[in-house]
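Undergrad: I'd like to go over a predicted model; first the sequence, then the structure.
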Amino acid sequence: MATYVNNLRLKEITTGDEDGTWGTSTNTNLELITDGFSYGTKQLAADANETFTMPDGTADDSRSFYLKITSAVSLTATREVTLGPNTVSKVWMIENATTGSQTITIKQGSGATVDVPTGEKVMVVTDGAGAGAAVLNANPSGATGGTVTSVSGTGTVNGISLSGTVTSSGNITLGGALTGVDLTSQVTGTLPTGNGGTGSTATTYCSLTANVTGILPTANGGTGLSSIGTANQVLAVNSGATALEYKTFQNNPSITATASGALADGDPVVIKSDGKVSAITSTSATTGSPQDTGEANATGGEAVAVSYDPSAGAMLISFRDDVSNEGRTMAATISGTTISYGTMTDVDVARDVQASVYYPTENATFLCELTNDDFEVVTVSGTTVTRIAGSQFDFTQNTRSACYDASADKLIGLGAIDVATIDYVSLQAVDLTGTTITRGSNTRSAGTLLAASGLANASITHDSVKNDNTFIVSNVDGTYVQTWSCSGTTLTNVFTSAFPGVSTTSREVRVIYGSTSNSYLFFYLDESNNAYPTVIGAVRVGDSFSYGSPVVVASGAYTDLQVGYNPAANKFLVSYRGASNYKYLHEVTPDGSDLGAGSAVDISNSVAIETDTFSNIAYDSDTEQNIIGYAITSDRSVFAVIYDPATSTLTSNTFIGFSDGAYSDTATATIQVVGSVDDAQTGLTTGKKHYVQTDGSLATSPDVPEVFAGTAISATQIITKG
């Protein structure tokens with residue numbers, strides 16, 4: 001495991017670690033070293049003492065050589081600034097730029113301190129001696145002895161005479177007085193040009209009106225032009241950069257670009273990745289009709305799991321039969337929103353299938369059981385399902401979730417392990433080669449996180465950019481997020497953090513990674529807000545998460561949370577058992593760590609569903625649609641439904657302006673950009689801000705994502721982004 005026990009808190013990589021990523025850590029270290037020679041600012045947040053701690057392996061102004069201390073408020077007394085950690089030995093140049101005209105005292109431990117008066121700069125060094133660490137004044141010292149006794153010189157300056165010689169003793173003698181020089185009475189003659197004069201006593205040289213004819217060249221300070229141009233023209237350099245010319249002033253900023261598809265006058269325009277411009281195109285979401293598998297008797301209160309096998313072009317839907325008490329799975333093909341089911345196949349699981357995870361390198365699917373921690377491995381041909389292997393995790397409590405780690409080519413299971421009668425969160429990596437299963441060690445979570453008591457209190461997902469796996473768990477101590485990497489079948493903790501969305505235990509928590517947006521969605525019941533289903537977005541910043549603001553999806557104490565992602569549409573999908581026990585789904589659009597939730601869609605067609613359907617929503621990579629499975633309450637029949645999210649070419653940063661005319665495909669189009677006025681609109685509300693909608697229209701309310709179009713100055717005119 002890496003350590004940071006050095007004076008700049010750089011990451012010291014353990015020998016043999018970070019295979020393939022050491023370059024990233026080394027580059028970060030080099031950047032942090034340069035930060036140690038840089039300028040930085042830290043601010044006292046209040047009129048109180050404060051500690052600034054240099055963080056491990058991440059950028060922070062506390063590492064800077066020149067550290068300017070400011071304050072958010074005026075200080076009323078001397079305040080202590082503690083530089084941490086107290087083991088760091090380092091030189092700082094400290095500037096007291098606080099307000100309130102107070103001294104700041106620089107300290108590190110219980111040892112010596114250094115005062116920095118207001119407005120002053122002091123060089124200090126910390127000895128890093130731990131609890132008793134001291135701060136020492138490191139200002140360079142000048143000569144402390146000797147006296148300048150004399151400065152001597154000779155000569156005369158305008159009436160002042162100087163005499164004597166520079167020695168270690170004696171005096172300089174100044175005689176006379178400088179009373180000034182009167183240029184009128186005391187200076188005569190002509191001052192040569194070599195001494196700053198004109199070399200002449202004349203006051204008039206040339207009348208430009210009477211004595212100069214023709215055009216003054218630019219080389220002689222002229223314009224090379226004989227007229228002043230016309231109204232609304234400006235002087236500019238010509239295209240060949242050989243002369244000046246007059247050009248009409250461009251008071252409506254614009255650019256030109258190649259049109260991709262036809263553009264109408266006034267169309268909001270987006271820039272594409274190839275540099276071409278196009279009108280905004282969109283598709284509406286499509287919800288298929290719930291389609292019965294023909295199988296009833298799904299065990300009540302147990303999950304119905306779905307996944308997609310792209311090698312077979314088929315989905316799998318799995319559950320436990322309450323009559324036979326056996327796990328069952330069925331393959332189906334998808335065409336549009338129509339599902340064609342195959343024959344149901346029994347699989348050897350004694351409880352519900354908690355997770356169905358595709359393993360692409362072997363074209364197989366793991367069906368992970370809840371209670372006994374068993375898993376079965378099946379393959380699909382057409383709609384025929386064949387069991388090829390089976391084993392179990394080494395958990396001593398329920399398997400809560402699983403994901404496929406593409407970088408390690410392993411299945412990662414999330415469950416619990418019993419240590420001295422206490423259940424802790426644990427993980428296990430599983431390899432599949434042909435029909436051979438190899439299990440890694442059951443690895444207890446970092447920080448000895450207690451296992452969750454509920455069945456939906458834990459969830460795991462794989463990050464295809466960072467090549468690691470993140471889980472969320474909610475237990476009696478709170479809600480936590482941990483990230484783990486996998487090498488072979490060995491799992492290593494990357495970092496752990498408390499989850500900001502939940503201050504207490506949440507009965508249900510889910511997480512999923514979005515590959516197109518390179519962001520995360522967390523879905524949970526916010527127990528501090530009436531247990532409303534709530535989402536919060538996050539992006540990875542090094543070895544930590546940067547979270548957005550929570551967004552309430554539905555104002556009701558609903559349960560059975562499910563998450564999914566559609567990379568083609570770049571949409572997260574969240575589902576829950578809502579009012580009247582109907583199954584509802586929302587599209588959630590990511591924008592960095594921010595999220596925008598769409599309206600609820602009743603995907604069960606107003607039919608009540610069974611509880612505890614919280615396995616992930618599957619993605620059909622061939623039709624670019626999502627699949628949701630569930631059982632209904634009346635006879636516990638198993639259903640699946642297809643959902644195709646809405647799409648739009650509009651994103652938060654692709655809108656650039658309005659088309660300044662009608663253009664055909666491939667034509668060179670003029671686009672009015674920020675600051676320009678487009679006059680080809682209709683129905684605008686004067687004086688109101690307008691926003692681009694995902695279908696390309698304009699409205700006074702933001703859409704998701706929120707894209708500001710501009711302010712209307714009439715019903716037909718809008719200032720682009722202004």
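TA: Everything's here; your move.
Undergrad: Residues touching the stretch of helix or strand residue 379 belongs to, excluding its own?
TA: Here residue 379, judged by DSSP states H and E, is contained in strand 374-381. Strand 374-381 has contacts (C-beta atoms under 8 Å, 6 or more residues apart in numbering) with 309, 311-312, 314, 316, 327, 329, 331, 345, 347-350, 359, 363-369, 385-393, 399, 411, 413, 430, 432, 435, 437. From N, CA and C alone the C-beta is placed, and that goes for glycine too.
Undergrad: and with 7 Å instead?
TA: The contact list for strand 374-381 (C-beta atoms under 7 Å, 6 or more residues apart in numbering) reads 309, 312, 314, 316, 329, 331, 347-349, 363-369, 385-393, 432.
Undergrad: Could you point out the helix or strand that follows that strand?
TA: Moving toward the C-terminus from strand 374-381, the next element (DSSP H and E) is strand 384-392.
Undergrad: how far off strand 374-381 does that next one point, in degrees?
TA: Orientation check (axes from the mean of the first three to the mean of the last three C-alpha atoms, to 10 degrees): strand 384-392 against strand 374-381 gives 160 degrees.
Undergrad: What residues of strand 384-392 count as buried?
TA: 385, 387, 389-392 (16 or more other C-beta atoms under 10 Å).
Undergrad: what do you get for stretch 222-237?
TA: Result for stretch 222-237 [16+ other C-beta under 10 Å]: buried residues residue 223.
Undergrad: just stretch 435-444 next, same as before
TA: Neighbour counts using 16+ other C-beta under 10 Å place 437, 439-440, 442-443 of stretch 435-444 among the buried residues.
Undergrad: of all those residues, which comes closest to residue 574?
TA: residue 443 (29.5 Å; C-beta to C-beta).
Undergrad: And for residue 78, the neighbour number?
TA: Neighbour count for residue 78, taken as other C-beta atoms under 10 Å: 13.
Undergrad: residue contacts, the residue nearest to it when sequence neighbours are not counted?
TA: Nearest in space to residue 78, with sequence neighbours left out and distances taken as C-beta to C-beta, 6 or more residues apart in numbering, is residue 103 at 4.7 Å. Shown in contact with residue 103 (C-beta under 7 Å, 6+ apart): 78, 115-118.
Undergrad: Looking at those, which are in helices?
TA: Taking DSSP state H as the definition of helices, the contacts of residue 103 contribute nothing to them.
Undergrad: Now list the buried members of the residues you listed.
TA: Neighbour-count burial within the contacts of residue 103 applies to residue 116; the criterion is 16+ other C-beta under 10 Å.
Undergrad: The contacts of residue 103 in strands, which ones?
TA: Restricting these to those inside strands, with DSSP state E as the criterion, leaves 115-116.
Undergrad: ok, of the contacts of residue 103, which one's closest to residue 506?
TA: residue 78 (45.7 Å).
Undergrad: where's that closest one relative to residue 137, distance?
TA: 17 Å (C-beta to C-beta, to the nearest Å).
Undergrad: Show me this protein divided up by domain.
TA: With domains defined by automatic domain parsing, the chain comprises 22-137, 254-280+650-720, 286-645.
Undergrad: Return the most buried member of those domains.
TA: Using mean count of other C-beta atoms under 10 Å, the stretch among the domains of the chain with the largest mean neighbour count is domain 286-645, at a mean of 20.
Undergrad: for the record, mean pLDDT for that domain?
TA: When pLDDT is averaged over domain 286-645, the result is 88.
Undergrad: Please enumerate the helices of this protein.
TA: If DSSP H is used as the criterion, the helices of the chain fall at 22-35.
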